[in-house]
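J.: Generate a structure from the sequence data that follows.
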Amino acid sequence: MGFPGTWMTESESMIYRVVPKCACSTIGQIMYYSDHGSFYDGDIHDADQGLHKWAREESHNPINANVKTRSAPAFTCVRNPYSRILSSFFDKICGIQRNGNRYRGNLVPMLVQKYGIEVGGEDGKEDFDQIRSFRRFLLFARDTIRWRRPMDPDIHWSAVSGHVSTFIVNGGRYDSIFWTEKFDEGMQGVLDRVQTRHPVDLAAIPRFNESEGHGPKRAHPVEDYFDDLSMHLVYEIYKRDFDLFRYDFENPANKMPIGEIDLDEVHAKLGD
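T.: Here you go, the predicted structure:
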């Protein structure tokens, strides 16, 4: 199976397991900059040169070799399940994508029809009951993850631990896993361990939020979207994410972790 979702700098200085909706655009651009001294002109997900990606056939051998010898530090970045699933809703369901179309073609019309979700009209800019529609989307996300109906789960709302685990199961080992919510501290920790062709000043790096502006603005605090039932659904879907990455299930208003990530525990529990 190899290492799907894995990126590596061309200089082979660092290896990153991409997790959607967890600062992946910014991390990819930092990796690109560290080799080339400039940012990729466009969405880093579209880059087909300047960065090794498992999706590119020619990158398989160098990524494989580095993962096996552990000659470059491997890392990933995780995010609070409450804010991540909410971000997925506004970006992928309510938003118009960068190609000018709705995400995954007929997905949104199906959600409107089968789950009664509203998305803010044709352009996503009309007012609608965000809380009611999000909670209905959450039922849909649970159905895709629990029963793979009416479709397989999408990478943007499938559990972070599932993305993280493929790297471990196929023979990789993380040197660090850090939180989106403490991004500068975590990313600096990675950079401190490597020699880069170009120095990276994190304080000067812009945040490449490629989903920003796709959809309507969130009208309420995160916690307003989650009542008792939706909190139960989120825990059903993301229990391992809360447990392994030390997020606060009891309080959706608290996006910050409440403990330290135990790398040995992560490898033991996700390596089966």
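J.: Find the nearest non-adjacent residue to Val67, please.
T.: Using CB to CB, 6 or more residues apart in numbering and skipping the chain neighbours, the partner closest in space to Val67 is Gly172 (4.7 Å). For the C-beta atoms, the positions are set from N, CA and C on the backbone; glycine is no exception.
J.: What is the neighbour count of that neighbour?
T.: 22 (other CB atoms under 10 Å).
J.: same thing with Pro221?
T.: For Pro221, using other CB under 10 Å, the count is 9.
J.: The one 3 residues further on now?
T.: The burial metric for Asp224, expressed as a neighbour count using other CB under 10 Å, is 14.
J.: helix/strand/coil for it?
T.: Following DSSP: H, G, I helix; E, B strand; the rest coil, Asp224 is assigned to helix.
J.: Repeat that for the one 10 residues further on.
T.: For Val234, the secondary structure call by three-state DSSP comes out as helix.
J.: For Tyr235, see how far away the residue lying closest to it once chain neighbours are set aside is.
T.: Leaving out its chain neighbours, the residue that sits closest to Val234 by CB to CB, 6+ apart is Pro81, at 5.9 Å. Going from Pro81 to Tyr235 by CB to CB, to the nearest Å gives 9 Å.
J.: re the thing from before, what's the pLDDT at the residue nearest to Val67?
T.: Looking at Gly172, its pLDDT reads 97.
J.: can you check Trp179 too?
T.: Trp179 is given a pLDDT of 98.
J.: Ramachandran coordinates for it?
T.: Reported as degrees, to the nearest 10, the phi and psi values for Trp179 are phi -90, psi 140.
J.: Does Met14 touch Pro73 like I think?
T.: Yes - in terms of CB atoms under 8 Å, Met14 counts as a neighbour of Pro73; the distance is 5.6 Å.
J.: what's the burial count for Asn99?
T.: 7.
J.: hmm, back to that, and the residue nearest to Val67, helix, strand or coil?
T.: coil.
J.: For it, give its distance to Pro4.
T.: Distance of Gly172 to Pro4, given as CB to CB: 11 Å.
J.: Secondary structure element for the residue nearest to Phe249 when sequence neighbours are not counted, which one?
T.: Residue nearest to Phe249 in three dimensions, not counting chain neighbours: Phe242, with 4.6 Å by CB to CB, 6+ apart. Using DSSP states H and E, Phe242 sits within helix 228-245.
J.: ok, which stretches of the chain are strands?
T.: Along the chain, counting by DSSP state E, strands occupy 6-9, 15-17, 51-53, 74-78, 176-179.
J.: Can you show me the CA trace of stretch 186-206 as PDB?
T.: The C-alpha coordinates for stretch 186-206 follow below in PDB (Å, rounded to 0.1, in the frame of the first residue of the first chain):
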ATOM      1  CA  GLY A 186       5.000  22.400  16.800                       C
ATOM      2  CA  MET A 187       6.300  23.400  13.400                       C
ATOM      3  CA  GLN A 188       9.300  25.100  14.900                       C
ATOM      4  CA  GLY A 189      10.100  21.900  16.700                       C
ATOM      5  CA  VAL A 190      10.200  20.100  13.300                       C
ATOM      6  CA  LEU A 191      12.400  22.800  11.700                       C
ATOM      7  CA  ASP A 192      14.800  22.700  14.700                       C
ATOM      8  CA  ARG A 193      15.600  19.100  13.800                       C
ATOM      9  CA  VAL A 194      16.500  19.600  10.200                       C
ATOM     10  CA  GLN A 195      18.900  21.400   7.900                       C
ATOM     11  CA  THR A 196      17.000  23.400   5.300                       C
ATOM     12  CA  ARG A 197      18.400  24.900   2.100                       C
ATOM     13  CA  HIS A 198      16.700  28.200   3.000                       C
ATOM     14  CA  PRO A 199      16.000  29.400   6.500                       C
ATOM     15  CA  VAL A 200      12.400  29.500   7.500                       C
ATOM     16  CA  ASP A 201      11.200  32.300   9.800                       C
ATOM     17  CA  LEU A 202       7.800  31.100  11.000                       C
ATOM     18  CA  ALA A 203       6.800  34.500  12.200                       C
ATOM     19  CA  ALA A 204       7.000  35.800   8.600                       C
ATOM     20  CA  ILE A 205       5.200  32.900   7.000                       C
ATOM     21  CA  PRO A 206       1.700  33.700   5.900                       C
END
